[in-house]
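Chemist: mind folding the following:
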Amino acid sequence: MSEPLYIWATNRARNPNACQYYRLDLPMMNFHKMGLGICYQDDGSNDDEALRAMLTSDVAILYSVGGEGALHQVNTIRDIKANKTADDILRIPPLVLYDVDDNTDFVHPMNFTFSYLGIRSYPDAKLLEPGNTLEWEDADHERRVLWEDKVTTGNGLQFDIARNLHQMKVRHELIQRCHGATVSTPALASYFKEVIGQPNTYVFPNSVDLSHYEFYDVARKDPSKIRILWQGSMSHYVDWYPLREAVREISQKYKNQITWVIFGEWFDWVHDMIPDEIVEFHPWTHYQAYKLKRGLLNIDINLCPLANNAFNRCKSAIKWYEGSIWNQPEATLAANTEPYFEIKDGKTGLLFNSPEEFVQKLGQLIENKDLRTKISQNAKKWVLENRTPEKTIPALYDFYTELKDRQKSELNPRIVLARR
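Modeler: Numbers count the residues shown, from 1 in each chain. All right, here's what the predicted structure looks like:
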């Protein structure tokens with residue numbers, strides 16, 4: 001039987017969200033359930049207790065943190081040597097790992113986090129300079145100021161380019177100083193290794209724990225209508241807006257056959273493209289209720305449009321995973337961009353490269369129930385075989401123990417480690 005690790009993890013998000021769930025809550029719960037870890041999550045309620053817990057842990061996970069304080073903490077831990085306690089027990093300082101599931105160096109200007117993370121223009125992704133202003137063109141082709149250095153405020157914080165650039169450098173140094181890193185996708189792993197300079201980067205994919213979802217068979221108001229889902233926040237504006245004419249075309253052609261289900265952000269232009277009688281809107285729910293709400297939407301076709309930019313290329317395919325797990329799994333139509341390269345076109349989903357192809361392939365899914373059934377069942381089989389905790393957590397445990405064993409041998413070469 002594998003020896004359990006004592007794992008400490010940050011958990012200080014003021015507004016707990018889905019990212020925190022996938023990166024901290026789900027793995028910590030499953031480490032405990034599988035007997036692979038004893039886990040402590042620091043929620044900021046007791047700093048003294050949290051510090052003691054971290055310093056006595058085997059593995060300390062820094063989830064999406066930054067700043068000089070965190071860097072100082074990691075540098076201090078890296079300076080601690082192996083020592084023996086009063087009870088003659090060898091004590092090794094914690095193995096410190098950085099975890100994140102987005103490339104925060106390329107946050108899109110439509111994302112509210114741009115106020116404190118934004119450092120690049122769009123779409124050229126060039127580094128901003130102090131004093132710069134970012135503008136955007138709305139649906140009426142009017143240009144408006146989106147962000148202005150030291151003027152615009154977002155999420156209660158003033159946009160400050162010089163501060164954000166400095167914090168990026170600090171964040172990079174922090175990631176470099178950690179013993180390793182875990183990320184959600186191969187693209188993000190490559191960025192960590194090749195650009196930031198963290199060679200010990202491991203891909204721990206976002207996973208779906210079926211025990212956390214509710215599976216109900218819900219009666220439909222109109223069983224004859226095919227329900228098509230798009231979900232997302234304002235940050236997905238750039239992904240969705242280029243398809244507006246394609247959406248209009250589908251709405252006109254299949255008006256009597258479909259219902260559009262919009263879950264999350266409501267964009268005003270939707271009114272212009274989709275007749276009100278065939279659209280159903282659901283505002284965001286709290287993330288703890290999301291897994292119940294998602295299944296109750298009763299979807300046939302799951303849309304995953306994604307613009308091909310540096311930020312999106314590092315995202316995960318969690319929307320495809322979650323759309324595929326239900327009693328009646330959904331057929332996914334996704335953009336042919338890096339997060340969805342896991343999809344085998346025509347087998348586990350459909351991929352599109354242009355608005356024209358979006359119309360063509362969405363039309364195929366609407367018209368062909370056998371196609372929907374085939375790709376959705378294949379997708380469910382793939383997800384259950386590759387993206388559940390039973391498949392992803394043991395390998396993550398192995399990554400932790402390999403780095404921990406290396407740390408022990410470096411701090412105390414006299415230790416002879418029995419390889420598992």
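Chemist: I'd guess Leu371 is in a helix, am I close?
Modeler: Yes - under DSSP: H, G, I helix; E, B strand; the rest coil, Leu371 sits within a helix.
Chemist: that one - how many residues pack around it?
Modeler: Neighbourhood size, Leu371 [other Cβ atoms under 10 Å]: 16. Backbone N, C-alpha and C define where each C-beta goes, glycine included.
Chemist: relative to Glu330, how far out is it?
Modeler: From Leu371 over to Glu330 the distance is 13 Å, taken as Cβ to Cβ, to the nearest Å.
Chemist: so which residues of the stretch 301-420 of the chain form strands?
Modeler: All strands of the stretch 301-420 of the chain, identified by DSSP state E, counting those that start in this stretch, fall at 301-304, 331-335, 350-352.
Chemist: mean neighbour count added to the ones you listed, as a markdown table?
Modeler: A markdown table is the format used below for those (neighbours: other Cβ atoms under 10 Å):
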| stretch | mean neighbour count |
| --- | --- |
| strand 301-304 | 25 |
| strand 331-335 | 26 |
| strand 350-352 | 22 |
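Chemist: just tell me which of the ones you listed ends up closest to Tyr22.
Modeler: Closest to Tyr22 of the strands of the stretch 301-420 of the chain, according to Cβ to Cβ: strand 301-304, at 16.3 Å.
Chemist: which secondary structure elements does the closest one sit against?
Modeler: Applying 3 or more Cβ pairs under 8 Å, 6 or more residues apart in numbering; DSSP states H and E, we find strand 301-304 packed against strand 226-232, helix 318-323, strand 331-335, helix 355-367.
Chemist: deepest of those, which one?
Modeler: Comparing the helices and strands packed on strand 301-304 by mean neighbour count (mean count of other Cβ atoms under 10 Å), strand 331-335 ranks first with a mean of 26.
Chemist: with just CA atoms, put that one into PDB.
Modeler: C-alpha atoms of strand 331-335 as PDB (Å, rounded to 0.1, in the frame of the first residue of the first chain):
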ATOM      1  CA  ALA A 331     -22.700  15.700 -28.500                       C
ATOM      2  CA  THR A 332     -20.000  18.300 -28.500                       C
ATOM      3  CA  LEU A 333     -19.200  20.700 -31.300                       C
ATOM      4  CA  ALA A 334     -15.900  22.500 -30.500                       C
ATOM      5  CA  ALA A 335     -13.500  24.900 -32.100                       C
END
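Chemist: could you list every helix and strand in contact with that strand?
Modeler: On a contact count with 3+ Cβ pairs under 8 Å, 6+ apart, strand 331-335 meets strand 301-304, helix 318-323, strand 350-352, helix 355-367, helix 369-386.
Chemist: parallel or antiparallel, list what pairs with that strand.
Modeler: When pairing is defined by DSSP bridges, strand 331-335 lines up against strand 301-304 (parallel), strand 350-352 (parallel).
Chemist: nearest to Thr388, out of those strands?
Modeler: Closest of the strands paired with strand 331-335 to Thr388 is strand 301-304, at 18.6 Å (criterion: Cβ to Cβ).
Chemist: residues near Thr76, how many?
Modeler: Thr76: 11 surrounding residues under other Cβ under 10 Å.
Chemist: where does it sit, in terms of helix or strand?
Modeler: For Thr76, the enclosing helix or strand under DSSP states H and E is helix 68-79.
Chemist: does anything pack onto that helix? Which helices or strands?
Modeler: Contact analysis of helix 68-79 by 3+ Cβ pairs under 8 Å, 6+ apart lists strand 59-63, strand 95-100, helix 161-177 as its packing neighbours.
Chemist: coming back round to it: just send the strands paired with strand 331-335 back as TSV, with mean pLDDT too.
Modeler: Formatted as TSV, the strands paired with strand 331-335 follow (pLDDT from 0 to 100):
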stretch	mean pLDDT
strand 301-304	97
strand 350-352	98
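Chemist: what would the ones you listed look like in JSON lines with distance to Tyr290?
Modeler: Below are the strands paired with strand 331-335 laid out as JSON lines (distance: least, Cβ to Cβ, whole Å):
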{"stretch": "strand 301-304", "distance to Tyr290": "15"}
{"stretch": "strand 350-352", "distance to Tyr290": "25"}
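Chemist: quick one: which of these is nearest Leu127?
Modeler: The nearest among these, by Cβ to Cβ, is strand 301-304 at 29.5 Å.
Chemist: now the helices and strands packed on strand 331-335 in JSON lines, with distance to Thr76?
Modeler: Below are the helices and strands packed on strand 331-335 laid out as JSON lines (distance: least, Cβ to Cβ, whole Å):
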{"stretch": "strand 301-304", "distance to Thr76": "43"}
{"stretch": "helix 318-323", "distance to Thr76": "35"}
{"stretch": "strand 350-352", "distance to Thr76": "47"}
{"stretch": "helix 355-367", "distance to Thr76": "52"}
{"stretch": "helix 369-386", "distance to Thr76": "39"}
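Chemist: which among these is found nearest to Phe399?
Modeler: helix 369-386 (16.9 Å).
Chemist: Val145 versus the residue nearest to the spatial centre of the chain, what's the distance?
Modeler: Residue closest to the mean C-alpha point of the chain, counted by Cα atoms, centre = their mean, is Asp101 at 4.6 Å. Distance, Asp101 to Val145, by Cβ to Cβ: 30 Å.
Chemist: alright, I will stop here.
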